[in-house]
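In: I need the structure of the sequence given here:
(chains A and B)
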Amino acid sequence: MNKKTNWPVTTLLILGSLLILLPLYLTITIAIKTPQEMAGNLLSLPKSWSFDNFTQAIEMTNFFSALGNTVFITFFVVIFTVLTNSLVAYAIARNMHKKFYKLLFYYFVSAMFIPFPIIMLPLVKQTSAWGMDNLVGLIILYVVFNLSFNTFIYVGYIRSIPKELEEAAVIDGASTWGVFWKVIFPLLAPMNATVAIITCLGAWNDFMLPLVLLSDRDMATLPLVQYIFQSQFSTDYNLAFASYLMALAPMIIVYIFAQKWIISGVMKGSIK
Amino acid sequence: MKKKNSVFLTIAIPALLLFFIFHTYPTLQGIFYSFTDWKGYGNWDFVGLKNYLNVFKDDRALDAYGFTFKFAIISTILVNIFSLLVAMGLNSKIKFQKTLRAIYFLPYILSILIVGFIFSFIFTHFLPGIGESLGIEALSKNILGDPKLAWIGIVVVAVWQSVAFNTILYLAGLVTISEDLYEAASIDGAGIWTKFWKITFPLIAPFFTINMVLAMKGFLMVFDQIVALTGGGPGKSTESISLLIYRGGFEGGEFAYQSANAVIYFVVIVIISVVQLKFLEKREAEN
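Out: Numbering: from 1, shown residues only, chains lettered A, B, ... in the order given. A predicted model of the protein is given here:
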């Protein structure tokens, strides 16, 4: 086995990673700088650490309200998606020999190909007519829409779980519900983690659905707040970047601590 | 056994109903309205295929299709080249492997909209600043302000962001290839190119297929990047189909007309995805 480190590739990858780090470096330093400092070299470090930009941005964007909304949406979307989508996929996976469930599978999966703009206009009318143009409505829509992709990856995984495990539990007197929650759901743990990560990123970063659905500004999510902010105060870059940084920070912090699981979780989802 | 069936049905039927109500029903409504002259409010009449015919005569719509295709094709190719290179690099014997992986996957977790805002600043102020101080004329103007060049800025941001996810997919494929294959090839005197074309590429062909299809589909729906970088401008030079449907439908009172556009858009996406899948799977089989 050739164990020697490949230094040319290492060097190239390090140089390449600067392309990713540079925009983030700029974001952090500009967020801390004052408007006067912007006249100088943009790459330089800030002379003094000032956090005025952050306090101002918090006020102007109503940051904590947006953060709260985003956390609220993401939390419930992840919980409900994992609990319900896995259950639906289980019902489908164990009955694929029946026409109804097979059709249901293809029905959900083929919906992945429908571009959002085709349902966008009628959906907005429908949700506002039903009083669903709010955070709860948004959560319901995400959970339902997630069925498309998640049915696809859960079903594949559930079908690889031997049926004997369930039969043993049934002999021990477990009901179908019992079998699912006590036997199948725990076995789905790696898939649940993958789905949770992908769902979390999707709900946290989504811009289009909140943009078209939410009418009340108090309900705005983090990306939406940046959009409103950008269109109103686009001239003060230090303020804007402080605001962007705060919006990006929660996920970056989570990523720093959990990147190992996030990367392997997404990899697992993609192999399926 | 009966009881078991009823449990499965109590799970499947609500899911079916909810999905139908919130996804299929709006889709059908969209298709229905595409045959009317509805503005999004007030009365409407059936107009048959008029909206569809008008989309094909509408320069704004045709330009949006032209831009979206150009953008999607170029971005798909670039993303696949870069992500395959990065994935192969990350899969080789390098130092700091974990850190480098973490850095290269980082863009995947960031909001495209906010990344777009940050790059908008880079194109408007940072790059021209560097261009001027180095005396490079090509860099010293803001490309987002130039109708002929603005699309490049959008490609850059889209590629910057998507390389992360596609790298994950390629890496997932690469780690499954056994090292023995390469060693055997080395003994037979195979060079780097031969190894790539005879071993690596055929073995990750399914990942290549899925990456091409997913990237293309994603890029055809481009929206956030454009809102953040150019808003469709300058003029209408970077208006994508999604943005046009959003704008025309919500702001322009063209509900029915843009619904027709959305239906065409849907058909186009399905055709492209199916053709891509067929073509790439055929190649896979040949390899």
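In: Just list the residues touching A:Arg159, thanks.
Out: A:Ala93, A:Met96 (C-beta atoms under 8 Å, 6 or more residues apart in numbering or on different chains). From N, CA and C alone the C-beta is placed, and that goes for glycine too.
In: Next one: it, what pLDDT does it get?
Out: pLDDT for A:Arg159: 88.
In: B:Trp38 and chain A, how far apart?
Out: Distance of B:Trp38 to chain A, given as C-beta to the nearest C-beta, to the nearest Å: 10 Å.
In: In space, what's closest to that residue - neighbours in sequence excluded?
Out: Distances taken as C-beta to C-beta, 6 or more residues apart in numbering or on different chains place B:Trp44 nearest to B:Trp38, at 3.8 Å, with adjacent residues excluded.
In: So the one you found: helix, strand or coil?
Out: Of the three states, B:Trp44 takes coil under DSSP: H, G, I helix; E, B strand; the rest coil.
In: A:Lys268 and A:Met191 touch, don't they?
Out: Yes - using C-beta atoms under 8 Å, A:Lys268 is in contact with A:Met191, at 7.3 Å.
In: In three-state terms, label B:Lys39 for me.
Out: Once three-state DSSP is applied, B:Lys39 turns out coil.
In: Near it, how many other residues are there?
Out: 15 (other C-beta atoms under 10 Å in any protein chain shown).
In: residue contacts, it?
Out: Per C-beta under 8 Å, 6+ apart, neighbours of B:Lys39: B:Gly253, B:Glu254, B:Phe255, B:Ala256.
In: Among those residues, which are located in helices?
Out: Members of the contacts of B:Lys39 lying in helices (criterion: DSSP state H): B:Phe255, B:Ala256.
In: Give me the local confidence score for A:Gly173.
Out: 83.
In: Kindly apply the preceding question to A:Ser128 instead.
Out: Per-residue confidence (pLDDT) for A:Ser128: 89.
In: ok, how many other residues are close to the residue nearest to B:Trp38?
Out: Neighbours around B:Trp44, by other C-beta under 10 Å: 15.
In: Please report the distance of it from chain A.
Out: Computed as C-beta to the nearest C-beta, the B:Trp44 to chain A distance reads 13 Å.
In: Would you mind naming the helix or strand containing the closest residue to B:Ser140 other than its chain neighbours?
Out: Nearest residue to B:Ser140, sequence neighbours excluded (C-beta to C-beta, 6+ apart): B:Gly131, at 3.4 Å. Using DSSP states H and E, B:Gly131 maps to helix B:127-134.
In: Only the C-alpha atoms, please, for that helix, written as CSV.
Out: Only the C-alpha atoms of helix B:127-134 are listed here, as CSV (Å, rounded to 0.1, in the frame of the first residue of the first chain):
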residue,chain,number,x,y,z
LEU,B,127,-13.3,42.4,-7.6
PRO,B,128,-13.3,45.8,-9.3
GLY,B,129,-11.2,47.2,-6.4
ILE,B,130,-8.6,44.4,-7.0
GLY,B,131,-8.8,44.9,-10.7
GLU,B,132,-8.1,48.6,-10.4
SER,B,133,-5.2,48.3,-8.0
LEU,B,134,-3.6,45.6,-10.2
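In: And what about the closest residue to B:Gly232 other than its chain neighbours, helix, strand or coil?
Out: Among residues not flanking B:Gly232 along the chain, B:Glu239 sits closest, at 3.8 Å (C-beta to C-beta, 6+ apart). Put simply, B:Glu239 is coil when judged by three-state DSSP.
In: Tell me which residues touch residue 70, please.
Out: Defaulting to chain A. Counting by C-beta under 8 Å, 6+ apart, A:Thr70 has contacts A:Trp204, A:Thr221, A:Leu222.
In: Correction: the question concerned chain B.
Out: For B:Lys70, the contacting residues are B:Trp151, by C-beta under 8 Å, 6+ apart.
In: how far does the one helix or strand it maps to sit from the chain's center?
Out: For B:Lys70, the element it lies in under DSSP H and E is helix B:59-91. Centroid separation for helix B:59-91 versus its chain: 7 Å, with C-alpha atoms, centre = their mean, to the nearest Å.
In: in it, what's buried?
Out: Buried residues in helix B:59-91, counted by 16 or more other C-beta atoms under 10 Å in any protein chain shown: B:61, B:63-65, B:67-69, B:71-72, B:74-76, B:78-80, B:82-91.
In: so which of the residues you listed also contact chain A?
Out: Among these, the ones lying near chain A by C-beta under 8 Å from any C-beta of the partner chain are B:Val86, B:Gly89, B:Leu90.
In: per-residue pLDDT, the second one?
Out: The score at B:Gly89 is 91. That number is its pLDDT.
In: Name the member of the contacts of B:Lys39 with the most neighbours.
Out: Neighbour max across those (other C-beta under 10 Å) = B:Ala256, 25 neighbours.
In: picking that back up, give the residue from A:Lys268 and A:Met191 that has the larger number of neighbours.
Out: Between A:Lys268 and A:Met191, A:Met191 has the larger neighbour count (other C-beta under 10 Å), namely 22 against 18.
In: Grab the nearest non-local neighbour of that one.
Out: Distances taken as C-beta to C-beta, 6+ apart place A:Tyr157 nearest to A:Met191, at 4.7 Å, with adjacent residues excluded.
In: Now do the SS call for the one you found.
Out: A:Tyr157 ends up helix, using three-state DSSP.
In: Near it, how many residues? Count them for me, please.
Out: Applying other C-beta under 10 Å, we find 21 residues neighbouring A:Tyr157.
In: And for B:Val175?
Out: 12.
In: pretty sure it contacts B:Ser92?
Out: No - if you go by C-beta under 8 Å, B:Val175 and B:Ser92 don't touch, sitting 11.6 Å apart.
In: residues touching B:Gly232, list them.
Out: B:Gly232 is in contact with B:Ile226, B:Thr238, B:Glu239, B:Ser240, B:Leu243, B:Leu244, B:Arg247, counting by C-beta under 8 Å, 6+ apart.
In: same deal with B:Ser273?
Out: B:Ser273 neighbours (C-beta under 8 Å, 6+ apart): A:Phe113, B:Val213, B:Met216, B:Lys217.
In: which SSE is the third one in?
Out: Counting by DSSP H and E, the secondary-structure element that holds B:Met216 is helix B:205-220.
In: Quick one: distance of that helix to the chain centre.
Out: So, by C-alpha atoms, centre = their mean, the centroid of helix B:205-220 is 8 Å from its chain's centroid.
In: likewise stretch A:97-114?
Out: Centroid displacement of stretch A:97-114 relative to its chain, using C-alpha atoms, centre = their mean, is 24 Å.
In: what does the model give residue 40 for pLDDT?
Out: Just so you know, I chose chain A. 72.
In: wrong chain, I was asking about chain B
Out: Looking at B:Gly40, the pLDDT reads 75.
In: give me every residue that touches it.
Out: Contacts of B:Gly40 by C-beta under 8 Å, 6+ apart are A:Leu121, A:Lys125, B:Gly249, B:Phe250, B:Gly253, B:Phe255.
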